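Visitor: Coordinates only, no sequence provided:
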RNA sequence: GCCCAGAUAGCUCAGUCGGUAGAGCAACGCAUUCGUAAUGCGUAGGUCGUGGGUUCGAUUCCCACUCUGGGCUCCA
């Protein structure tokens, strides 16, 4: 028997006996690799470990501790879930079950419109563990379309998918990406069989057997539309998470717990920042004094930056005549997302869903010269959007919110510079809130849905792109993701526990200047159409506040903390001195309060720590005599006998430094 | 809007197989005056989300609505 030679990613080669599989190869390299291997890539194709190798193959082994490896684990675990459900719920139809970020899901239809309960999840998970224990093989097979339809005759959703592949082939299209993951796009259908009773259509690859799985947990059950179609059947979806080891699973679950602890809705109640009274209606918040203090600081900071950034401030009303939104096109495109109209004074009025039409009216209020451009109009403008009831989510999805909204009117020649300085501006402002990791998406034209000439789209897209490149920023292109009126850049930030949030957007608009017939007189004494940029840094102040609350886990930095210092007199006798300390701090600009000595000191320290105050000052006999304070900073060590003047100096310079750093000066 | 789950004191939650409810924390009062993460005792606090139905009787069972949570869909 002759040997075959295969090559590995590091360029090395290995000889193996003929008929060797990928798993044999892994074993020949080392037992650790054999255990960690879950699949492989052979000559660029994703395959199972059982695949027989041929002379000259280029093989890369996929291990379970990589994203690709976890993807295989998760997809395989989804199959186990489907098998468990079909065993426990006879007659259940299974549809698709992909791996997703951190886990997987599978969608089912239960007989007679049945639904899963939380209790069912436990039973299903127990059944899955049995299947894992049985170490069932994942046996791959290939079938003609007709045979596949036979095999899945009692699974109407699978049959539908096969028929789609059939239709796609007849049309010469590739199958839907969604289906491709399940069935492949070739002329045959691949499937994986675990037992005589359970086979699922799947392009693979899968782990060799269910025994390779096990570090998983079912998380929740929810409804999901078949093919995401709102008018299609509502299926039952089970979500789970799966990992390569117990440690990785636990780390993930811990991360989820951490996120739960940081939930802005929970922290907002705990810290008395704001609330959503049910009497007010869904998606509408009231801001309590402490939340309002932080919000005001954020807004003041934003105003200050915009003032320095060459913006002019404007105010516009909350209502507008329907004609305005007819002109802007919002009624054509977004009527469903607007609050219903009010009839008054023989006219129809709407709460505004956007500030831009009104800013266009300001631009249009008199003749404009090229000397005025770029004209940057800024407003913290509150808008109202009718978000569907099921989509509301704390401050992150809300019906009344305030955009840090600006519309910049400029000439085409100014566009590139304007965008470039805008990006620096965004990063600098967001950086002040401790965000230092950004990702950028460039959304390009949707050919089926756009206004404006191809030429101007190209130039605008190029302006956005070159602004990103010019600053050395990596970005992903989202083909066809632009709004109909122009291309855009979306900016995401990574928060303290690694989550990504979309905040800022910079959008080029060719549409509104056209619709409002905006013009300026150029140096050539001719009339020209300006280009308009929509941009928001926070997006919505409310949403930004929610993100910030989670980012800081409620522990706002000193410059933003609603209460910066709490003074604790050790005993009643020290209350006068405590009040004096507070007064002097207040005089120096600090937000300070005194906690009277009617509770134990330990108790008051604890409360202050739970309140996440930046500074706790303890004052007793020694301090009263020597005009000192005991300083207990958040996250630092206690320091006794600090002269009050010294503390005030330190405190004010800390805040001043933070502010000047934030202002980028 | 759709699927599922939920709503009991300011907060976190227990409870009533149908007979109008209880704890901890918070609040308030009294005592304690204390040097860095919970002093003790006591008091008050709830039309059990809203409205209807069934019932001798509903916080509990049923229906509708509102709000909330997890998803789906949507997000200018």
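Guide: In hand now; what should we look at? Remember, predicted model here, so these are calculated numbers, not experimental data.

Visitor: Show me what the host helix or strand of residue A:469 is packed against.
Guide: Using DSSP states H and E, residue A:469 sits in helix A:454-470. When contacts are defined as 3 or more Cβ pairs under 8 Å, 6 or more residues apart in numbering; DSSP states H and E, helix A:454-470 packs onto helix A:415-431, strand A:438-443, strand A:488-494, strand A:500-509. C-beta here means a position set from N, CA and C on the backbone, and glycine is covered the same way.

Visitor: at 6 Å what do you get?
Guide: Here helix A:454-470 touches helix A:415-431, going by 3 or more Cβ pairs under 6 Å, 6 or more residues apart in numbering; DSSP states H and E.

Visitor: now the helix it packs on against strand A:438-443, angle please.
Guide: On the basis of axes from the mean of the first three to the mean of the last three Cα atoms, to 10 degrees, helix A:415-431 is oriented at 140 degrees to strand A:438-443.

Visitor: who's in contact with helix A:415-431?
Guide: Helix A:415-431 is contacted by residues A:305, A:309, A:374, A:410, A:463-464, A:467, A:470-471, A:491, A:493, A:504, A:506, A:531, A:537, A:664 when judged by Cβ atoms under 6 Å, 6 or more residues apart in numbering.

Visitor: at 8 Å what do you get?
Guide: A:302, A:305, A:309, A:374, A:408, A:410, A:438, A:459-460, A:463-464, A:466-468, A:470-471, A:473, A:489, A:491, A:493, A:503-504, A:506, A:508, A:531, A:533, A:535, A:537, A:664 (Cβ atoms under 8 Å, 6 or more residues apart in numbering).

Visitor: Which SSE is immediately downstream of the helix holding residue A:469?
Guide: Next along the chain after helix A:454-470, taking DSSP H and E as the criterion, comes strand A:475-478.

Visitor: residues of the helix holding residue A:469 that come out buried?
Guide: Across helix A:454-470, burial judged by 16 or more other Cβ atoms under 10 Å covers A:456-457, A:459-461, A:463-465, A:467-468.

Visitor: do stretch A:369-379 as well
Guide: By 16+ other Cβ under 10 Å, the buried positions in stretch A:369-379 come out as A:370, A:373-379.

Visitor: Relative to RNA strand B, which of the residues you listed is nearest.
Guide: residue A:379 (15.2 Å; Cβ to the nearest atom of the strand).

Visitor: Next up, the contacts around that closest one.
Guide: A:313-316, A:355, A:359, A:403, A:405-406.

Visitor: Now do the SS call for it.
Guide: At residue A:379 the chain is in strand, as set by DSSP: H, G, I helix; E, B strand; the rest coil.

Visitor: and it, what are its bridge partners?
Guide: residue A:405 (DSSP bridges).

Visitor: I'd like to know which residues of the stretch 551-665 of chain A are adjacent to RNA strand B.
Guide: Neighbours of RNA strand B within the stretch 551-665 of chain A, by Cβ under 7 Å from any atom of the strand: A:570-573, A:597-603, A:605-606, A:609-610, A:616, A:618-624, A:630-632, A:638, A:640.

Visitor: So which of the contacts of residue A:379 are in helices?
Guide: residue A:359 (DSSP state H).

Visitor: Closest to the centroid, which residue in chain A?
Guide: The residue lying closest to the centre of chain A (Cα atoms, centre = their mean) is residue A:501, at 3.8 Å.

Visitor: and residue A:25, how many neighbours?
Guide: Neighbour count for residue A:25, taken as other Cβ atoms under 10 Å: 24.

Visitor: so it sits right up against residue A:60, yeah?
Guide: No: taking Cβ atoms under 8 Å as the definition, residue A:25 is not a contact partner of residue A:60, at 10.6 Å.

Visitor: Over to residue A:68: give its phi and psi.
Guide: phi -60, psi -40 (degrees, to the nearest 10).

Visitor: quick one: contacts for it?
Guide: Shown in contact with residue A:68 (Cβ under 8 Å, 6+ apart): A:39, A:62.

Visitor: run the last query once more with 6 Å
Guide: residue A:62.

Visitor: same thing with residue A:349?
Guide: By Cβ under 6 Å, 6+ apart, the neighbours of residue A:349 are A:319, A:321, A:342.

Visitor: looking at this, it is in a strand?
Guide: Yes: under three-state DSSP, residue A:349 sits within a strand.

Visitor: Distance of it relative to residue A:364?
Guide: Residue A:349 sits 20 Å away from residue A:364, going by Cβ to Cβ, to the nearest Å.

Visitor: Only the buried residues of stretch A:433-440, if you could.
Guide: Neighbour-count burial for stretch A:433-440, counted by 16+ other Cβ under 10 Å, picks out A:433, A:435, A:438, A:440.

Visitor: Ignore what I typed, I meant stretch A:441-453.
Guide: A:441-445, A:450-452.

Visitor: In JSON lines: those residues, plus distance to RNA strand B and pLDDT.
Guide: Shown next, in JSON lines, are the buried residues of stretch A:441-453 (distance: Cβ to the nearest atom of the strand, whole Å; pLDDT from 0 to 100):
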{"residue": "A:441", "distance to RNA strand B": "12", "pLDDT": "95"}
{"residue": "A:442", "distance to RNA strand B": "15", "pLDDT": "95"}
{"residue": "A:443", "distance to RNA strand B": "10", "pLDDT": "93"}
{"residue": "A:444", "distance to RNA strand B": "15", "pLDDT": "92"}
{"residue": "A:445", "distance to RNA strand B": "14", "pLDDT": "89"}
{"residue": "A:450", "distance to RNA strand B": "13", "pLDDT": "80"}
{"residue": "A:451", "distance to RNA strand B": "13", "pLDDT": "81"}
{"residue": "A:452", "distance to RNA strand B": "15", "pLDDT": "82"}
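
Visitor: right, quick check: stretch A:353-372 against RNA strand B, any contact?
Guide: Yes: part of stretch A:353-372 sits near RNA strand B under the criterion Cβ under 7 Å from any atom of the strand, namely A:353-354.

Visitor: so what's residue A:476 bridging to?
Guide: residue A:441.

Visitor: For it, give me the pLDDT.
Guide: Looking at residue A:476, its pLDDT reads 93.

Visitor: Can you report how many residues neighbour it?
Guide: Counted with other Cβ under 10 Å, residue A:476 comes out at 10.

Visitor: Pretty sure it sits against residue A:441.
Guide: Yes: using Cβ atoms under 6 Å, residue A:476 makes contact with residue A:441 at a distance of 5.3 Å.

Visitor: In the stretch 301-450 of chain A, which residue sits closest to RNA strand B?
Guide: For the stretch 301-450 of chain A, Cβ to the nearest atom of the strand, closest residue to RNA strand B: residue A:390, 2.2 Å.

Visitor: I'd assumed that residue was in a helix, is it?
Guide: Yes: assignment of residue A:390 by three-state DSSP places it within a helix.

Visitor: dump the residue contacts of it.
Guide: Remark: with contacts taken as Cβ under 6 Å, 6+ apart, residue A:390 is in contact with nothing.

Visitor: Any idea which helix or strand in chain A has the lowest mean pLDDT?
Guide: helix A:177-183 (a mean of 53; mean pLDDT, DSSP states H and E).

Visitor: before we move on, the earlier item: from the buried residues of stretch A:369-379, pick the one nearest residue A:158.
Guide: residue A:379 (53.7 Å; Cβ to Cβ).

Visitor: any idea how far the closest one lies from residue A:359?
Guide: For residue A:379 relative to residue A:359 (Cβ to Cβ), the value is 7 Å.

Visitor: Great, nothing more from me.
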